[in-house]
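Asker: here are the coordinates; sequence isn't available:
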């Protein structure tokens, strides 16, 4: 899903690990935002083709959730985060934060075998081992795909500042972004502390295009 604020002609694309949950809640509460689509869209075999939360502009257009004319009338925006930082957040989410889901038989994780296997692996292996495995095979989804097709990209590292400027440019009052869905397991450690030279080099090679496009570095 995305969030559409029709009164303000805004379309928010939720990129994972960029405080998108907090922004989505804010848009719904303060700017009359609505989920788009309202539910996951599946194909004839039951496979999800437009996800409940982290859909892209391309998916919304391809599956008729949004028409080209509607897209042209909206300002689409998303957020981006340093890939080095994203990977640390993802590892901690899989290895620690979401582990309680494994003990709950009815939790959504048990319906997603790929995600379940990823969490099991993260729990049993170090960050170095996890990174090597993560980057040794083609990703099921590109890390930076949610920023494709949008008009404005906010930076996670200065999210409040960028969000304020974005709203002001559209004649809206700034709104404070509250913390939500925070990964407390990091305990204030900087992402650089998780890397050794070998894993740093792996990320630099794997995400060279994204690092260059958004002017990120280690």
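Answerer: Now that the structure is in, tell me what you want to look at. Bear in mind the structure is a predicted one, so any value in this text is a computation, not a measurement.
Asker: tell me where the model's unsure across this protein.
Answerer: 38-53, 97-115, 138-143, 181-187 (pLDDT under 70).
Asker: 90 instead, please
Answerer: 1, 16, 36-56, 58-66, 90, 93-124, 134-146, 178-189, 209 (pLDDT under 90).
Asker: ranges for the helices of this structure?
Answerer: 20-30, 57-62, 68-72, 83-92, 113-124, 127-135, 159-169, 197-206, 208-213 (DSSP state H).
Asker: quick check: which of those helices is nearest to residue 150?
Answerer: Judged by CB to CB, the one of these that comes nearest to residue 150 is helix 57-62, at 6.3 Å. In short, each C-beta sits where N, CA and C put it, glycine included.
Asker: can you name the residues that contact residue 203?
Answerer: Neighbour list for residue 203: 83, 84, 87, 131, 135, 195, 218 [criterion: CB atoms under 8 Å, 6 or more residues apart in numbering].
Asker: change it to 10 Å
Answerer: Going by CB atoms under 10 Å, 6 or more residues apart in numbering, residue 203 touches 82-84, 86-87, 131, 134-135, 143, 195, 210-211, 218.
Asker: so how far is residue 170 from residue 155?
Answerer: 18 Å (CB to CB, to the nearest Å).
Asker: ok, the two, which is more surrounded?
Answerer: residue 155 (17 against 12; other CB atoms under 10 Å).
Asker: isn't that one up against residue 77?
Answerer: No: taking CB atoms under 10 Å as the definition, residue 155 is not a contact partner of residue 77, at 11.7 Å.
Asker: which residues are common contacts for the two?
Answerer: 162, 163.
Asker: circling back: of all the helices of the chain, which one is nearest residue 147?
Answerer: helix 208-213 (8.4 Å).
Asker: list the strands paired with the top strand by length along the chain, with their directions.
Answerer: In the chain, with assignment by DSSP state E, the single longest strand is strand 75-80. If you go by DSSP bridges, strand 75-80 pairs up with strand 10-13 (parallel), strand 152-155 (parallel).
Asker: need these in JSON lines with distance to residue 116, can you?
Answerer: Shown next, in JSON lines, are the strands paired with strand 75-80 (distance: least, CB to CB, whole Å):
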{"stretch": "strand 10-13", "distance to residue 116": "26"}
{"stretch": "strand 152-155", "distance to residue 116": "32"}
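Asker: looking at those strands, which is buried most?
Answerer: With neighbours taken as mean count of other CB atoms under 10 Å, those reach their highest mean count in strand 10-13, at a mean of 24.
Asker: ok so, going back, now the angle between helix 159-169 and the longest strand of the chain, please.
Answerer: Between the axes of strand 75-80 and helix 159-169, defined by axes from the mean of the first three to the mean of the last three CA atoms, to 10 degrees, the angle is 170 degrees.
Asker: run the chain-centre distance for strand 75-80.
Answerer: From the chain centre to the centre of strand 75-80 is a distance of 11 Å (CA atoms, centre = their mean, to the nearest Å).
Asker: and for stretch 210-218?
Answerer: 17 Å.
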